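Trainee: Give me coordinates for this.
(one chain, ligands or ions: 1)
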Amino acid sequence: MDACRADGLSPVICSAYRTREKQERLYQAEVERWQDRGYSQDNAKAEAGKAVAIPGTSEHQLGLAVDIVDINNQHLDETQESTEVQKWLMEHSWEYGFILRYPNEKSEITGIIYEPWHYRYVGREDAEQIHTLGVCLEEYLEGTF
Ligand SMILES: [Zn+2]
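Mentor: Residues are numbered from 1 along each chain as shown. Here you go, the predicted model:
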């Protein structure tokens, strides 16, 4: 955060550690959003799980993830990727042990939508490898690259 600010940018952490209760509330609200659109409970849960981690599986609940946005665009959507803060983070986060956890075009592998704001700590060495190889965490851990 200090290095990003030193380059004249304004990153904002909008989500960090979450309790299980908080994750359950977020997940349940997302399930209800899909049910309101006419989805059955099972289908609503399947859709909700692509955008909000099932309680017990969130990296925020684990304490290893932060959502970071640009002060000039605090929307959690794909417009985030073209902000100056995200461009900076995508280039430099590995230097601090963080990876962009749910990259574009990896949703089929991660099971999670593209989230150009969600960064996970994996440690400096692994973050550098993942960044250099251009793979997602699943590919890296399974050696499928
Ligand atoms: Zn997140």
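Trainee: going forward, measure contacts and count neighbours with C-alpha atoms only.
Mentor: Fine.
Trainee: Can you read off the pLDDT for F145?
Mentor: The model reports F145 with a pLDDT of 83.
Trainee: how is this protein carved up into domains?
Mentor: In terms of domains, the chain is parsed into 1-16+63-145, 18-62 (source: automatic domain parsing).
Trainee: Give me the phi and psi for I68.
Mentor: Per-residue torsions, I68: phi -120, psi 130 (degrees, to the nearest 10).
Trainee: How many neighbouring residues does it have?
Mentor: 23 (other CA atoms under 10 Å).
Trainee: try the one 5 residues further on
Mentor: Residues contacting N73 under the criterion other CA under 10 Å number 16.
Trainee: now for the domains of the chain, which one comes closest to the ion?
Mentor: Minimum separation from the ion across those (CA to the ion) falls at domain 1-16+63-145, 4.3 Å.
Trainee: Any idea how far apart the tips of that closest one sit?
Mentor: 31 Å (CA to CA, to the nearest Å).
Trainee: What residues does the residue nearest in space to the middle of the chain make contact with?
Mentor: Closest to where the C-alpha atoms of the chain average out (CA atoms, centre = their mean) is H118, at 2.5 Å. Taking CA atoms under 8 Å, 6 or more residues apart in numbering, we find H118 in contact with 65-68, 100-102.
Trainee: Just among the residues you listed, which is most surrounded?
Mentor: That'd be L100 among the contacts of H118, by other CA under 10 Å, with 27 neighbours.
Trainee: Next, the contact list for that one, please.
Mentor: So L100 contacts 90, 93, 116-120 (CA under 8 Å, 6+ apart).
Trainee: go on, N73?
Mentor: Shown here is N73, whose contacts under the criterion CA under 8 Å, 6+ apart are 80, 83.
Trainee: Report the buried members of the contacts of L100.
Mentor: Taking 16 or more other CA atoms under 10 Å as the criterion, what is buried in the contacts of L100 is 90, 93, 116-120.
Trainee: Quick one: name the residues of this protein near the ion.
Mentor: 67, 118 (CA under 5 Å from the ion).
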